[in-house]
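[1] I'll drop the sequence and a predicted model, then ask my questions.
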Amino acid sequence: MEFLGVIPGSVTAFGAINDTSNNVTFVLDADLMEHEIVNCHPLTNDATTSIAGADLIRFMEATGHTPLVLKVTA
């Protein structure tokens with residue numbers, strides 16, 4: 001809540017917009033980012049929205065974050 005402005009359990013890549021001091025490093029799963037469209041919670045976990053993977057990267061960069069795209073799944 002302190003850095004991303006969302007309640008616990010609602011962590012979302014879109015929380016980058018609330019991290020104006022760049023305290024958070026975002027890690028996106030490389031396997032997920034291979035898909036054209038990804039789904040994320042829109043700052044609350046009671047809904048889901050879809051966004052192109054490339055647009056998600058652009059969004060995060062527009063908030064001042066350069067996400068790390070790493071293989072985090074087995």
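    Cool, got the structure.

[2] now the helices for this protein?
    Under the criterion DSSP state H, helices of the chain are mapped to 30-33, 53-62.

[3] what's the closest of those to Val6?
    Checking the helices of the chain against Val6 by CB to CB gives helix 53-62 as the closest, at 15.2 Å. The way it works is simple: take the backbone N, C-alpha and C, and place the C-beta from them, glycine included.

[4] what about this protein, any weak spots by pLDDT?
    Applying pLDDT under 70 to the chain picks out no residues at all.

[5] how does it look with 80?
    For the chain, the stretches flagged by pLDDT under 80 are 9-11, 74.

[6] Excluding chain neighbours, what is closest to the most centrally placed residue in the chain?
    Centroid-nearest residue in the chain, with CA atoms, centre = their mean: Ala13, separated by 1.5 Å. Distance criterion CB to CB, 6 or more residues apart in numbering; nearest residue to Ala13, sequence neighbours excluded, is Cys40 at 5.2 Å.

[7] quick one: the one you found from Val11, how far?
    According to CB to CB, to the nearest Å, Cys40 stands 10 Å off from Val11.

[8] residue contacts, the residue lying closest to His65 once chain neighbours are set aside?
    In space, and not counting its chain neighbours, His65 is closest to Ala16: 4.8 Å by CB to CB, 6+ apart. Shown in contact with Ala16 (CB atoms under 8 Å, 6 or more residues apart in numbering): Leu4, Val24, Phe26, Phe59, Met60, Thr63, His65.
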